[in-house]
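Visitor: Quick one, fold the following:
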Amino acid sequence: MSTRGVQLHIRDRYVVMDNGMVQVTLSNPDGIVTGIRYNGVDNLLEVLNKESNRGYWDLVWSAPGSKGIFDVISGTSFRVIVHNENQVELSFTRMWDPSLEGKFVPLNIDKRFIMLRGSSGFYSYAIYEHLKDWPDFDLGETRITFKLRKDRFHYMAVADDRQRYMPLPEDRSSGRAQILAYPEAVLLVNPSNPEHKGEVDDKYQYSRDNKDIKVHGWISSNPPVGFWQITPSDEFRSGGPLKQSLTSHVGPTTLAMFISGHYAGQYLVPQFRNGEPWKKVFGPVFIYLNSASPGDDPLWLWEDAKIQMMTEVQSWPYSFPASEEFQKSDQRGNVGGRLLVLDRYSSKDYIPANGAYVGMAPPGDAGSWQRECKDYQFWTKADEEGYFSINNIRTGDYNLYAWVPGFIGDYRYDAVITITSGSYIEMGDLVYEPPRDGPTLWEIGIPDRSAAEFYVPDPDPKYINKLFIDHPDRFRHYGLWDRYTELYPDTDLVYTVGVSDYCKDWFFAQVPRKKDDNTHQGTTWQIKFALDNVDRRSTYKLRVAIASATLAELQVRVNDPNARRPLFTSGLIGRDNSIARHGIHGLYWLFNVNVPGAQLVEGNNTIFFTQPRNTSPFQGIMYDYIRLEGPPSCDVKDEL
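Guide: From the prediction side, this is the model:
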């Protein structure tokens, strides 16, 4: 390892950071990474691309009601913030003024790049600021993009069980590939590597939950070099821990996503109205480079990148960023406590909230964190006894939120919690009482905000991705929505409580049926169940937890499929697009439907779930969990 201090070379059009291990060249004053020299390779970035299309921050923005504008963020002013033998920090800014209205997003943007002595890589972060009374706008997406050399980087890794040799970008071009239902998905018909022939390539197949995106990237085998994007904290990402984001994909491209509407739609597009002021720090993220000796297994580079990721996570929040907008550890606060669950129909005792997700997010309604996209969130998982500790929370006002696998609904601690520098707030024992009116008569699925436990069919053999054969994430295969019509060509799904198995008999998504003329029709699923006794004067409760919805509607009818008015309708819900994008969940919805006892009968009953919307094959619902509860006075033993 080089112990040389960090050097800085400033030229007319370029600025070069060099610590003897890594040399990074940025355009001046644009602040775009044009070159990364490492381990004898002159440039790890794609030299065939224009310099502006190699390593850059970008965003998509729009004035209200207008189309989105893609913007590679180019600075107009360059400053050296820190320069000593241990650290260089550079700033590339683009300031906004009224003369730029309609041309550029109304934000002051300060992009920062940091190199440390003895560090095999570099850091980047940015401060976005919208001043009071500046124009309204929507921020559809922002991220960092790196495009690597396609002649070297062929092996991609986004997780231990999601890594492979990837097709080349030209394999997706006309003549070599056939575009499928949308441009991102192509069938490789004449790829440069024959082993890829007949596979589907789609960047959405490599999405992950924010909580799991800590390190991903690419390996070059000659010489053996790894290029890794490490995100040590989720605090600056929108949508909370379950929000899905893109990672790496064919290009070879690697991304650090900060804001996007993927798997959520407009709910996660920040909208700034009425001159609202806003400021946020995105990052820092770390670009880590490693190398192996000739003859070593190049996959060791992935193992080493995971070790480096843990080092970065343990170092968070970093002590070295120079901007005062990035709060250091001693400026932040901490919260701890214990979460218990009281569900009196499953246990009279308090149940430790084992594995609960507990978080601090801006004040709002219970569950509002999953649609929150302007500020910061801080999440942890409770241990098996329900104890949790959330550390290094930025100062400000928050609510404490939680959800518990195995139980429906969302917890919120009602009082606003104010975090001050150096504070530690002990919450003590908190009790979550999940929605419950009566005993469980029957249930379908597992309440975990995912449809993964339901029946995910084998893909059409014409549309496989070999990575996902016999894989836990088999739902990532392309085209699974069409399998519903093949399995149910004439009649819809019927599920019989006590006989059917939801792992085999409940299709993972309620989608429209494709007709012979290639149009689609809505579907009605049936849940059949028997009741020995019915209290016709009482109210039963149907709980429907939805893992994802895309321009869909859920109508519920009981024992009369032709009732003109449903007992319940959700109205039009969801813009997740999780069905098309191979995600097994999007935004979570919970509907609580009162079922009058007078609509039930002793003996056989049927509940009908109709999803009538049918202008697209991707309109539909992924269920998380369904439960019918008896009346509060009902003795569960009499019912079952």
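
Visitor: And the pLDDT for Asp234?
Guide: Looking at Asp234, its pLDDT reads 95.

Visitor: same deal with Val636?
Guide: So, for Val636, pLDDT stands at 43.

Visitor: Likewise for Asn518?
Guide: 89.

Visitor: in which helix or strand would I find it?
Guide: Following DSSP states H and E, there is no helix or strand that holds Asn518.

Visitor: Same question for Cys503.
Guide: Per DSSP H and E: helix 502-505 holds Cys503.

Visitor: mind listing what's buried in that helix?
Guide: Tyr502 (16 or more other Cβ atoms under 10 Å). Where you see a C-beta, it was placed from the backbone N, CA and C, and this is true even at glycine.

Visitor: quick one: contacts of it?
Guide: Here helix 502-505 makes contact (Cβ atoms under 8 Å, 6 or more residues apart in numbering) with Ile444, Gly445, Glu453, Phe454, Tyr455, Leu493, Tyr495.

Visitor: Run through the residues that contact the nearest residue to the third one once chain neighbours are set aside.
Guide: To tie it back to what came earlier, the one meant is Glu453. Once flanking residues are discounted, Glu453 sits nearest to Ile446: 5.0 Å by Cβ to Cβ, 6 or more residues apart in numbering. Going by Cβ under 8 Å, 6+ apart, Ile446 touches Gly406, Glu453, Asp624, Tyr625.

Visitor: quick one, phi psi at Asp304?
Guide: Dihedral angles of Asp304 (phi, psi; degrees, to the nearest 10) stand at phi -70, psi -40.

Visitor: Tell me if I'm right that it and Gly226 touch.
Guide: Yes. Counting by Cβ atoms under 8 Å, Gly226 is a contact partner of Asp304 at 7.3 Å.

Visitor: Need the residues touching each of these two.
Guide: Shared contacts of Asp304 and Gly226 (Cβ under 8 Å, 6+ apart): Asn290.

Visitor: neighbour-wise, which of those two wins?
Guide: Gly226 (28 against 17; other Cβ atoms under 10 Å).

Visitor: Now find how far off-centre the helix holding Cys503 is within its chain.
Guide: Centroid separation between helix 502-505 and its chain, computed with Cα atoms, centre = their mean, to the nearest Å, is 26 Å.

Visitor: before we move on, what about stretch 445-458?
Guide: The answer for stretch 445-458 is 18 Å, by Cα atoms, centre = their mean.

Visitor: Would you mark the buried spots in it?
Guide: So for stretch 445-458, counting by 16+ other Cβ under 10 Å, buried means 445-457.

Visitor: One more: stretch 558-577?
Guide: Val558, Pro566, Leu567, Phe568, Thr569, Ser570, Ile573, Gly574, Arg575, Asp576, Asn577.

Visitor: wait, which of these is closest to Val335?
Guide: Lowest distance from Val335 to these (Cβ to Cβ) belongs to Asp576, with 30.3 Å.

Visitor: just the strands in the stretch 351-500 of the chain please.
Guide: Using DSSP state E, counting those that start in this stretch, the strands found in the stretch 351-500 of the chain span residues 351-352, 357-361, 378-381, 387-393, 396-403, 411-419, 424-432, 440-445, 494-496.

Visitor: of all those, which lies closest to Gly336?
Guide: Proximity to Gly336, assessed across the strands of the stretch 351-500 of the chain by Cβ to Cβ, is greatest for strand 387-393 (4.4 Å).

Visitor: Show me what counts as buried in the closest one.
Guide: Phe388, Ile390, Asn392, Ile393.

Visitor: what do you get for stretch 109-122?
Guide: Buried, per 16+ other Cβ under 10 Å, within stretch 109-122: 109-117, 119-122.

Visitor: Pairing-wise in the sheet, spell out the partners of the residue nearest the centre of the chain.
Guide: Nearest to the mean C-alpha position of the chain, counting by Cα atoms, centre = their mean, stands Gln244 at 1.4 Å. Note on Gln244: beta-bridge partners by DSSP bridges are Asp209.

Visitor: How about Thr253?
Guide: Beta bridges link Thr253 to Lys147, His249, judged by DSSP bridges.

Visitor: And the pLDDT for it?
Guide: In this model, Thr253 is scored at 98, pLDDT.

Visitor: Dump stretch 541-551 to PDB, restricted to CA.
Guide: Backbone C-alpha positions of stretch 541-551 (Å, rounded to 0.1, in the frame of the first residue of the first chain) are rendered in PDB as follows:
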ATOM      1  CA  LYS A 541     -63.600  -8.300   9.700                       C
ATOM      2  CA  LEU A 542     -61.700  -9.000   6.500                       C
ATOM      3  CA  ARG A 543     -58.100  -7.800   6.600                       C
ATOM      4  CA  VAL A 544     -56.400  -7.500   3.200                       C
ATOM      5  CA  ALA A 545     -52.800  -6.500   3.200                       C
ATOM      6  CA  ILE A 546     -51.400  -5.700  -0.300                       C
ATOM      7  CA  ALA A 547     -47.700  -5.900  -1.100                       C
ATOM      8  CA  SER A 548     -48.000  -4.000  -4.400                       C
ATOM      9  CA  ALA A 549     -50.600  -2.500  -6.700                       C
ATOM     10  CA  THR A 550     -50.300  -1.000 -10.200                       C
ATOM     11  CA  LEU A 551     -53.200   1.000 -11.500                       C
END
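
Visitor: what does the average pLDDT come to for it?
Guide: Averaged across stretch 541-551, the pLDDT comes to 98.

Visitor: Kindly report the same for stretch 595-611.
Guide: Mean pLDDT, stretch 595-611: 98.

Visitor: Give the buried residues for that stretch.
Guide: Buried, per 16+ other Cβ under 10 Å, within stretch 595-611: Val595, Gly597, Gln599, Leu600, Asn605, Ile607, Phe608, Phe609, Thr610, Gln611.

Visitor: Just the ones in strands from those residues, please.
Guide: Val595, Asn605, Ile607, Phe608, Phe609, Thr610, Gln611 (DSSP state E).

Visitor: tell me which of these is nearest to Val15?
Guide: Nearest member of these to Val15, counting by Cβ to Cβ, is Gln611, at 55.3 Å.
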